[in-house]
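Asker: Here is my input, please return the structure:
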Amino acid sequence: MYRFSDHSYKILLLGETGAGKTSLLTRYVDKVFLEQAEFNSPDHDDVKIKRLDCSGLLVDLELWDLPAKSIDPKVLAHLNGVMFCYNISDKESFSRLSYWLEQVDKYSSDMVCKVLVGTHSDLARSVDSDTAKELSERLNIPSVDTSAKTGSNVRAAFMTIVKELLTHEYPWGKFNDMRVRVDGEGRSQEEDSSSESCVQFKDWSEIDGKKCSEIIVGNKTDMDDARVVEFDSAQHNEFDDIVIFSFSDGLFKVLLTGNAGVGKSSLLMRYATDIYQDEYVPTIGLDFKVKLVTLKGKRVKLQLWDTGGQEQFRTITNSYYRGCNAILLVYDVTDQESFIRLKDWIREVDAYCNDDVIKILVGNKSDRSDARVVDLDTAKAFAAEQGVDVMEVSAKTGDNVENLFTEMTSKLLDFLGDSPGHKTLRLHDREQQRHRQGGCCSVL
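Answerer: Residues are numbered from 1 along each chain as shown. Next up, the predicted model:
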């Protein structure tokens, strides 16, 4: 059974292009190291979710890695924590921290937690440790030097900001006395300075309802001609508490867009958590959820983005069309204006997305037949004119919601095609997608 978190924190890795934010995040969450050339700097963007068990408290971390040029005041206004990243071998990235600190102080809450993170500690240092320490002490924020390449202190950096966040939540609790030990080999341990209690931070994972601490990962599944270990053999291991997981997963980025108030957030929440929230709460900029789906023999991850429909958030949301695999254009069947505006939303999608992005019109609030002003035949005629599909749903009752996302996922898998071997999808920017395969996804 799914367990809801006790706390959820939105943390932004902030710094100049080349500061190593993406490598740091990927090393922490995915436990792999990516060279700079392996991702799309300076336009790379990502959000990763990490769940921790903090001495019985379940904490979800929403870790944001955005291009420096995409940082908007409205993004900064809704953060819980910021990790200010600089490259210790690059004085310019350190000097630019003053700008980022000023932006956070100007637009973020006074309660936002901050940590100073030096990256590339495996390289020759251009920013001496005393200079970094002086800045850390002046700002009264912790500082950690890391290396994504070697893994040194990566976990310690993230545990440091989690410790700061929990200390804010429980100012007189056990987290206040916790210390994060930092060393040069990448091992980080969380210790309580008192002998009476110990604070433990554990990665929390659950696969098919089974909580597990270890996963056996079979790599190089693309090399079928050289395979010597069959997957069935690997599954019959002697350790009952170890879970075998085959990395045949795909990753699809899906964006929900449309007028404010049409029910995008309710639709996403109904699908991701099977919960309906009756009260209307406008989405501020962007929201994000992840859903794992098994379909057609494949296990795929849906990265689901909910956009604010208000005009003032358009500068944020426009940048998130890039790299999308599917767009759900949502309208309210009881609101004629939201249906009329679909033409504008489609033009926006066509301007920012690949030509082959999957588009589906979604008529929400189908349960309100007494207030309906947009009938299904009208919607079908418009969809045929635009060359897209249409489906009506009700986020309130849940009617057709599962079918909508299943149909969308099926279309994405059909587009990918049935290629032999286990495949992993990775999102790339528009130019690289077209260069590599002329589609919306790349198969690695």
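
Asker: what sits against the spatially closest residue to L24 that is not a sequence neighbour?
Answerer: Excluding the flanking residues, the one nearest L24 by CB to CB, 6 or more residues apart in numbering is A148, at 4.8 Å. Quick note: C-beta positions are derived from backbone N, CA and C, even for glycine. By CB atoms under 8 Å, 6 or more residues apart in numbering, the contact list for A148 reads 20, 23-24, 26-27, 33, 119-120, 154.

Asker: again with K253
Answerer: 303, 305, 323-326, 427 are the contacts of K253 under CB under 8 Å, 6+ apart.

Asker: circling back to that earlier point, now the contacts of A148 in CSV, with neighbour count, distance to D370 and secondary structure?
Answerer: CSV is the format used below for these (neighbours: other CB atoms under 10 Å; distance: CB to CB, whole Å; DSSP: H, G, I helix; E, B strand; the rest coil):
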residue, neighbour count, distance to D370, secondary structure
G20, 28, 57, coil
S23, 26, 55, helix
L24, 26, 53, helix
T26, 20, 51, helix
R27, 23, 55, helix
F33, 16, 58, coil
T119, 29, 58, strand
H120, 25, 62, coil
V154, 27, 56, helix
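
Asker: Which two among these are spaced furthest apart?
Answerer: Taking CB to CB as the measure, the contacts of A148 span a maximum distance of 14.5 Å, between T26 and H120.

Asker: so where does the closest residue to N80 other than its chain neighbours fall, helix or strand?
Answerer: Distances taken as CB to CB, 6+ apart put Y9 closest to N80, at 4.2 Å, once the chain neighbours are dropped. Using DSSP states H and E, Y9 maps to strand 7-14.

Asker: Tabulate the CA atom coordinates of that strand in PDB.
Answerer: These are the backbone C-alpha positions of strand 7-14, laid out as PDB (Å, rounded to 0.1, in the frame of the first residue of the first chain):
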ATOM      1  CA  HIS A   7       6.900  16.000   4.700                       C
ATOM      2  CA  SER A   8       7.600  17.000   1.100                       C
ATOM      3  CA  TYR A   9      10.200  19.600   0.200                       C
ATOM      4  CA  LYS A  10      11.000  21.300  -3.100                       C
ATOM      5  CA  ILE A  11      14.800  21.900  -3.400                       C
ATOM      6  CA  LEU A  12      16.500  23.800  -6.300                       C
ATOM      7  CA  LEU A  13      20.100  23.200  -7.300                       C
ATOM      8  CA  LEU A  14      21.200  26.700  -8.300                       C
END
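
Asker: Show me what that strand packs onto, helices and strands only.
Answerer: helix 21-29, strand 57-65, strand 81-87, helix 154-169 (3 or more CB pairs under 8 Å, 6 or more residues apart in numbering; DSSP states H and E).

Asker: Single out the most deeply packed of those.
Answerer: Mean neighbours per residue, mean count of other CB atoms under 10 Å, is largest over the helices and strands packed on strand 7-14 for strand 81-87, with a mean of 26.

Asker: For the stretch 1-150 of the chain, which segments count as strands?
Answerer: Assigned by DSSP state E, counting those that start in this stretch, the stretch 1-150 of the chain shows strands spanning 7-14, 46-54, 57-65, 81-87, 113-119, 143-145.
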